[in-house]
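K.L.:
fold the following, please.
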Amino acid sequence: MMCLKTMMVCSLRQQILPILGLLLIIECIISLKLLELRVPSHVPLGTRAELSCSWQLGEHDVLYSVKWYKDGREFFRHVPRDLEPRRKFPLPGVDVETFDTSGGNVTLSPAVLETGGRYRCEVSGERPLFPTVSDHADMLVVVLPDHGPMISGFRSRYRTGDRVQVNCTSGRSRPATQLAWYINGEPAPASAVQSAIDKKTEDLETTSMALDFVVQETDFKKNGLKIKCLATLAPVYWRSNEESALKEKAISNQLLRSSLEDVKVTRADRVLANSAEFTNSWRHVVLLLCSMPNLFLRGLVWFPFFLQEI
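P.N.:
Model (predicted):
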């Protein structure tokens, strides 16, 4: 009987121990949690990227290491129990400039094109199980445009029925900027916007997009028309350019006929005025001659004799 009890206890222990061990492993794995990983998705060329990794240890956990990787290659580690707790490893385009005591926050040197890639933070607990958690995020190094978007082809005045044909061109960047058109502050209808054209030069891209529509009476707001081109490289770049035009009033046919009649009347008045001036001039000449009758008659009498003497 005693042997039977002993065998039952031994069998029970053999069943319980694996379960306890499994529970212990699960507890260790669950106790260490990676709370948040912060890696900027877009970093302008020449700026410093800040990486952040936060975690939570269990009640009985002890931190063993924090390691940072870029494209699968380690470039920084923090092991509290080592003689040299924090170490940097050479990697093209990646150099840790500053870091905190936990190793969870690092700042990289000014970004170059090779800095872009996939970054991973890995946190491990102490022996015997060395529970490990990790997460990753991608970073893209961008070259911001050297100038804002430029609008060409826009006039200072428009009438209802006129056709607006303008173009917007961004500065050179990497990657290409996204362009968008607005009319009076509202997104332009898709029918008026043509497809963007990207032109690549020396690894940098220039984007252009045309806007083409016929002006309607409703397009004028307070006798004005406004268009805007917005260039973006989210979430690090927003620049826009806006142009304004005045409403030009159309001349009606009736007004045009009235203007022509006024011109005709004015010309007729000038002809009559000139004729009157001519008549008045001759009147003055006649009156002058009449005022000197003796002189005029003497001239008529002596004039033939004067001719004979000659």
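K.L.:
so residue 114 sits against residue 93, correct?
P.N.:
Yes: here residue 114 lies in contact with residue 93, judged by Cβ atoms under 8 Å, at a distance of 2.8 Å. Yep, even glycine has a C-beta here, placed from its N, CA and C like the rest.
K.L.:
compare those two (neighbour count), which wins?
P.N.:
A count of neighbours by other Cβ atoms under 10 Å puts residue 93 above the other of residue 114 and residue 93, at 17 against 12.
K.L.:
what's near enough to touch the more buried one?
P.N.:
Residue 93 is in contact with 111-117, counting by Cβ atoms under 8 Å, 6 or more residues apart in numbering.
K.L.:
find the residue at the geometric middle of this protein.
P.N.:
Taking Cα atoms, centre = their mean as the criterion, residue 231 is the residue nearest the geometric centre of the chain, at 1.8 Å.
K.L.:
wait, it touches residue 172, no?
P.N.:
No: between residue 231 and residue 172 there is no contact, the gap being 11.7 Å when judged by Cβ under 8 Å.
K.L.:
neighbours of the nearest residue to residue 223 once chain neighbours are set aside, how many?
P.N.:
In space, residue 223 comes closest to residue 247 once its chain neighbours are excluded; the distance is 4.4 Å by Cβ to Cβ, 6 or more residues apart in numbering. Other residues near residue 247 number 18, with proximity taken as other Cβ under 10 Å.
K.L.:
just to revisit the earlier point, in TSV, list the contacts of residue 93 along with secondary structure.
P.N.:
Supplementary listing: these in TSV, determined by DSSP: H, G, I helix; E, B strand; the rest coil:
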residue	secondary structure
111	coil
112	coil
113	helix
114	helix
115	helix
116	coil
117	strand
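K.L.:
what touches both of residue 231 and residue 172?
P.N.:
Counting by Cβ under 8 Å, 6+ apart, the common neighbours of residue 231 and residue 172 are residue 145.
K.L.:
so what's residue 111 scoring on pLDDT?
P.N.:
As predicted, residue 111 sits at a pLDDT of 97.
K.L.:
and the one 5 residues further on, by the same measure?
P.N.:
According to the predicted model, the pLDDT of residue 116 comes to 97.
K.L.:
helix or strand: which one has the closest residue to it other than its chain neighbours?
P.N.:
Leaving out its chain neighbours, the residue that sits closest to residue 116 by Cβ to Cβ, 6+ apart is residue 141, at 4.1 Å. Under the criterion DSSP states H and E, the helix or strand holding residue 141 is strand 132-142.
K.L.:
just checking, what packs against that strand?
P.N.:
Counting by 3 or more Cβ pairs under 8 Å, 6 or more residues apart in numbering; DSSP states H and E, the packing neighbours recorded for strand 132-142 are strand 33-38, strand 42-44, strand 117-125.
K.L.:
tell me the most buried of the ones you listed?
P.N.:
Highest mean neighbour count among the helices and strands packed on strand 132-142 (mean count of other Cβ atoms under 10 Å): strand 117-125, with a mean of 21.
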